[in-house]
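Undergrad: all I have is the shape, not the residue letters:
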C-alpha cells in the first residue's frame, strides 16, 4: 500500500466530491420537474400527450446513457455550431435520462392511489388540479420516496460517466492522480470509498425523511 504517496493529492481528489454533488444536484433539480410533467402527461386524458410522454420514455430508457451523453457532447456542437462543455452535456444527458425513469416512478405512485379518492373529490366539487396537488400527490410522495431516492443514488453513481468526456469529477481526478503517481489501486479505492460514503449519507437522510412523512 502506498497511501502516504497519495496523501498530498488528497485535496485534489476531494474537490471532485463537490463537482460530483453539484452535477448530481443540478441534474436532479432539472430532471425531476420534467419527470413530473411526463408522469402527468401519461395519466392525461389527452391522447397526444400520453403518446409523446410514452415515446420520450421509450427512447431514453431504450438507449444506453453513455450513447446519449456522447451524442449530446460530440454530436450536438455539429448541429448547433457551438461547443457544449462536458459539464453542460452531462447535466443535459442525465436530466433527460433521469426524467424518463422518474416519470414512471411518479406515474405508478399516482395510479396506486385508490380511485375512490378521485371520485370523492369530484363529488365534493374539488377541481382536478386541486385534487391532484392537495390530495393525490402528497400520498403518492410517501409511496414513491424510496424509489426516488434509489433513482438519486443511481444518478450519483452513474455521474462517473462524465469522466469519459473530460469533466473533472471525483473519478476523473482519481484517474489523474493515478496516472501522475503510477499508482492506481490507492486513488481509485479512495474514490470508491467517497462514492460509498455519499450514498450512505443520502440513504440516512432519506430514511429519516421517510419516517417523518409516515407520521405526518
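TA: That came in fine, so what should we check first? Here the structure is a predicted model, which is why all the values come from computation and not from measurement.
Undergrad: in which helix or strand does the residue nearest to the spatial centre of the chain reside?
TA: Geometric centre of the chain, nearest residue: residue 155, 4.1 Å, by Cα atoms, centre = their mean. Per DSSP states H and E: residue 155 is located in helix 137-158.
Undergrad: which outside residues touch the next helix or strand after that helix?
TA: Note on helix 137-158: by DSSP H and E, the next helix or strand toward the C-terminus is helix 170-181. Outside helix 170-181, the residues that touch it by Cβ atoms under 8 Å, 6 or more residues apart in numbering are 2, 5-6, 9, 12-13, 15-17, 19-20, 160, 162-163, 166, 168, 183-184, 186-188, 190-191, 194-195. Where C-beta positions appear, they are placed from N, C-alpha and C, glycine not excepted.
Undergrad: check the offset of the host helix or strand of residue 34 from the chain's centre.
TA: Here residue 34, judged by DSSP H and E, is contained in helix 10-42. Centre-to-centre, helix 10-42 and its host chain are 5 Å apart (Cα atoms, centre = their mean, to the nearest Å).
Undergrad: helices and strands around whichever helix or strand comes after that helix, which ones?
TA: Next in sequence after helix 10-42, counting helices and strands by DSSP H and E, comes helix 47-62. Helices and strands touching helix 47-62, as assessed by 3 or more Cβ pairs under 8 Å, 6 or more residues apart in numbering; DSSP states H and E, comprise helix 10-42, helix 86-111.
Undergrad: residues making contact with whichever helix or strand comes after helix 47-62?
TA: Moving toward the C-terminus from helix 47-62, the next helix or strand (DSSP H and E) is helix 65-70. For helix 65-70, contacts defined as Cβ under 8 Å, 6+ apart pick out 60, 89, 90, 93, 94, 96, 97, 158, 161, 162, 164, 165.
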